[in-house]
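Q: coords please:
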Amino acid sequence: MADYTKKGLFYLIVGLSLVIISDLISMFYYRKIQTTIIPFFSFWIFILIIIGLIYMLLGRKEFSERHQKFIVIAFMLYILTIILTIIIYAIFVSISSLNLDIIRSLIYISPILAVLTGIFYLFLLFELEDKIGKIVLYIAFISSIVISIYIAISSNSAFDKLLSLEYTVDNFISEINFIGGLGIISNALYIIALLNPYYRLSTN
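A: Numbers count the residues shown, from 1 in each chain. As a prediction, this is how the structure comes out:
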């Protein structure tokens, strides 16, 4: 079962690596290929992370009872985060047909998603980490919240430019994607936090 956990960590590492690649594409190539490439990445990110979580669920009994409970909570948090993300994305896609005041309020959901994602990783990895791993996990969590707050503030500024007609909708979405790419920093830290127990399980 420990092997299940190691496989789960591997799939999560690959999935999160694709998130970073997807973010880079959104930041720099939005106008050219995002509409065709990003949905492809999003699909495989979801599949890889779900597979990883299933393996983690299957392997949880090899570890403490606390870890077993944490993994179940992490799985539920991931599903909740995905549902919220889909709702927000759907609203942004149909932005031109909605009251734009709704979009302004949705911008500030970014820190909430960051907190949910951070808590997800805390529950998922906490019992598997050594002292250094826990420190990396905490830094990743804190940085994700700080970055998401900055993203929300910057996105609100872009929204004001949209309302003043300084930006078109396409300009607005493009800038939102670029600003959102800053999440690469915290995602890279989460990958390091995943690699720590993966390496220890691989060498034991």
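
Q: hey, let's count contacts and neighbours off CA atoms from now on
A: OK.

Q: tell me the helices and strands packed up against the one helix or strand residue 48 maps to.
A: In this structure, residue 48 sits in helix 30-59 according to DSSP states H and E. With contacts taken as 3 or more C-alpha pairs under 8 Å, 6 or more residues apart in numbering; DSSP states H and E, helix 30-59 sits against helix 2-28, helix 65-93, helix 169-180.

Q: tell me the buried residues in it?
A: 30, 34, 38, 41, 44-46, 48-59 (16 or more other C-alpha atoms under 10 Å).

Q: and stretch 118-138, by the same measure?
A: For stretch 118-138, burial by neighbour count (16+ other C-alpha under 10 Å) applies to 118-129, 133-134, 136-138.

Q: now intersect these with the strands, please.
A: Filtering those for membership in strands, criterion DSSP state E, returns an empty set.

Q: can you say which of the helices and strands packed on helix 30-59 is packed in most?
A: For the helices and strands packed on helix 30-59, ranked by mean neighbour count under the definition mean count of other C-alpha atoms under 10 Å, the leader is helix 2-28 at a mean of 21.

Q: mean pLDDT added to the helices and strands packed on helix 30-59, as CSV?
A: CSV is the format used below for the helices and strands packed on helix 30-59 (pLDDT from 0 to 100):
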stretch, mean pLDDT
helix 2-28, 89
helix 65-93, 85
helix 169-180, 76
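
Q: out of the ones you listed, flag the one nearest residue 204.
A: For these, the distance to residue 204 is smallest for helix 2-28, at 10.2 Å, taking C-alpha to C-alpha.

Q: I'd say residue 7 and residue 54 touch.
A: No - taking contacts as C-alpha atoms under 8 Å, residue 7 lies outside contact range of residue 54: 9.8 Å.
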